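Novice: fold the following.
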Amino acid sequence: MMIPRILRSSVAGIVVIILYLPAPAQETVKGTLSLRQAVTVALEHHPSLRAADAGVRSASGGLTQASSAYWPSVIGSGGWTHNEGWFVFNPSFPPRNQIYSSYTAGLAVSQTIFDFGKTIGRVSAGSDLLNAAESDFESARTAVIMNVELAYFAYIQAQQIVGVNEEAVQRTQQHLTQAKAFYGVGMRPQIDVTRAEVDHANADVNLIRARNQLRIAKLLLENAMGVHTTEQYRLTDSLEVREFTMTIDSVKSRTLEQRPELAATRARLGAARSLVIAAWTQHLPTISATGAYNWTNFDFPLYNRWNVGLTISLPLFMGFSLAAQVDQARANADAVQANFDALTEAVILETEQEYLGLKEAEERISASVKLVEQSEQTLNLAEKQYAAGVGTVLDVTDAQVLLSNARITKIQAIFDYNSSLIHLQRSMGTLGS
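Specialist: Numbering: from 1, shown residues only. The predicted structure is shown next:
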């Protein structure tokens, strides 16, 4: 009996999702661990969330910078200059040696009164980029939750498969003991003992592999949580079939409305369109008010003066740079639109595949339950026939392998159901809510 290919592919998939991340912090998990506790630990420690939070703070800073144009600019200045040396004031007078200092102080204020939409466009783009960063954070958060739940259930799956293999080892040991007893009294040939020994050895090999997969699953769970621990702990949740009654149309509708990646790209599309408007409005004039108050003199006290003014600036020719900026902004907006369309198609395809996988796993669960029942009956019958002397050891071996495979098939079907359900919930934006 081999370790199932689906388990190996499940573990490999989780490795691809998780192990590219930076090394997690060292933390301790002791005693028992529920799924909710595992998610809480991950949300507190996983490095990907720190990166996403930094993205939100960066976007918030960009919005503040764009909004600063609504506020006046106030600049204070002060200076002291010491002069010493010969100065020529007029050709008719000889040079004079001068030593003096000058002092200046000033306060300048400027305020944009109206720029025909330049600031509005940049602020709108900054607001959309902040929304996009917040959606990216939510996407990272749900990805962490998804990885933890997948790893948690994969660990439970590995534990259950270990249990199946441990039971297989016990059964083969019982059959070996029985074969030796029958051989000892002349009821069975030597080949039965040899075959029972081979079956027991194969069961031991499968158990070794299953236990190694369990250790790997534990490492993946800890990596998904962003912690490492040498302590032993026990998972308290079980691998169950959680009911899901939504139709595919409802799932796709919810996905298009709430999927974080779509929300982020939609916000970036709005930002790109706002930047197109901001780029085009650079052709229009800007009206600004300025004012200054200065104090100057060669010695104290300083004498003051002030000025106010109104400035209108209009770019007449900038070497075609403004037109090029508009073209560039439009091209960027077109690219974001194309990315949004492609992402929408990919998300819908992913959602449909996960939904079909969910329904397939649901049907496989029902079929595997019957398969386990039939396999148990087959093994029971084969053991009774062998004990009665009318069956062969090969019949017992085949029935034993059939039962182990049936039980693992049922475990896989339940895991696949939960995996598809987790992916569906993430697609709909309801995972962790």
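
Novice: you'd agree residue 296 is in a strand?
Specialist: Yes. Per DSSP: H, G, I helix; E, B strand; the rest coil, residue 296 lies within a strand segment.

Novice: how many neighbours does it have?
Specialist: Residues near residue 296, counting by other Cβ atoms under 10 Å, number 14. To be clear about C-beta, it is placed using only N, CA and C from the backbone, and glycine gets the same treatment.

Novice: do the same with residue 124
Specialist: 20.

Novice: gap between it and residue 72?
Specialist: To residue 72, residue 124 is 21 Å away according to Cβ to Cβ, to the nearest Å.

Novice: same thing with residue 238?
Specialist: Residue 238 is 64 Å from residue 72, by Cβ to Cβ.

Novice: likewise for residue 137?
Specialist: Counting by Cβ to Cβ, the gap from residue 137 to residue 72 is 33 Å.

Novice: quick one, which of those two is more surrounded?
Specialist: Legend: neighbour count by other Cβ under 10 Å for residue 137 and residue 72, higher for residue 137 (21 against 11).

Novice: so what's that one closest to, chain neighbours aside?
Specialist: Nearest non-adjacent residue to residue 137, counting by Cβ to Cβ, 6 or more residues apart in numbering: residue 52, 4.2 Å away.

Novice: again, but for residue 147
Specialist: With Cβ to Cβ, 6+ apart, the residue lying closest to residue 147 is residue 224, at 4.4 Å.

Novice: show me what counts as buried in whichever strand or helix holds the one you found.
Specialist: Per DSSP states H and E: residue 224 is located in helix 190-225. Judged by neighbour count (16 or more other Cβ atoms under 10 Å), helix 190-225 contains these buried residues: 192-193, 195-196, 199-200, 202-203, 206-207, 209-211, 213-214, 216-225.

Novice: got it, and stretch 360-378?
Specialist: Result for stretch 360-378 [16+ other Cβ under 10 Å]: buried residues 361, 362, 364, 365, 368, 371, 372, 375, 378.

Novice: other SSEs contacting the strand or helix carrying residue 141?
Specialist: Using DSSP H and E, the element containing residue 141 is helix 118-184. With contacts defined as 3 or more Cβ pairs under 8 Å, 6 or more residues apart in numbering; DSSP states H and E, helix 118-184 has these neighbours: helix 5-18, helix 35-45, helix 47-67, helix 190-225, strand 233-235, helix 260-280, helix 393-428.

Novice: could you tell me the least trusted of those?
Specialist: Mean pLDDT per stretch puts helix 5-18 lowest among those, at a mean of 41.

Novice: contact partners of the longest strand seen in the chain?
Specialist: In the chain, assigned by DSSP state E, the strand with the most residues is strand 96-114. When contacts are defined by Cβ atoms under 8 Å, 6 or more residues apart in numbering, strand 96-114 is touched by residues 69-87, 89, 119, 286-300, 302.

Novice: now the angle between helix 118-184 and that strand, please.
Specialist: Here the directions of strand 96-114 and helix 118-184 differ by 70 degrees (axes from the mean of the first three to the mean of the last three Cα atoms, to 10 degrees).

Novice: let me know the outermost residue of the protein.
Specialist: What lies farthest from the middle of the chain is residue 92; by Cα atoms, centre = their mean that is 82.2 Å.

Novice: tell me how far that one lies from residue 404.
Specialist: Using Cβ to Cβ, we find residue 92 at a distance of 118 Å from residue 404.

Novice: wait, a helix at the residue farthest from the centre of the chain?
Specialist: No. Counting by three-state DSSP, residue 92 is not part of a helix but coil.

Novice: just say helix, strand or coil for residue 241.
Specialist: Quick answer, by three-state DSSP: residue 241 is coil.

Novice: what's near enough to touch it?
Specialist: Here residue 241 is in contact with 362, 365, 414, 417, 418 (criterion: Cβ under 8 Å, 6+ apart).

Novice: will you turn these into JSON lines that also has distance to residue 40?
Specialist: Below are these laid out as JSON lines (distance: Cβ to Cβ, whole Å):
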{"residue": "362", "distance to residue 40": "29"}
{"residue": "365", "distance to residue 40": "29"}
{"residue": "414", "distance to residue 40": "24"}
{"residue": "417", "distance to residue 40": "24"}
{"residue": "418", "distance to residue 40": "19"}
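
Novice: which one of these is nearest to residue 258?
Specialist: The closest of the contacts of residue 241 to residue 258 turns out to be residue 418 (Cβ to Cβ; 20.8 Å).

Novice: the closest residue to that closest one other than its chain neighbours - how many residues pack around it?
Specialist: Leaving aside its chain neighbours, residue 418 sits nearest to residue 153 (5.2 Å; criterion: Cβ to Cβ, 6+ apart). Look at residue 153: counted by other Cβ under 10 Å, it has 25 neighbours.

Novice: ok, residue 153 touching residue 419?
Specialist: Yes. Between residue 153 and residue 419 there is a contact under Cβ atoms under 8 Å: 7.1 Å.

Novice: now residue 185: how far from residue 225?
Specialist: Counting by Cβ to Cβ, the gap from residue 185 to residue 225 is 57 Å.

Novice: equivalent analysis for residue 375, please.
Specialist: Taken as Cβ to Cβ, the span from residue 375 to residue 225 is 36 Å.

Novice: go on, residue 249?
Specialist: Applying Cβ to Cβ to residue 249 and residue 225 gives a distance of 35 Å.

Novice: and if you look at residue 266?
Specialist: Applying Cβ to Cβ, the value for residue 266 to residue 225 is 31 Å.
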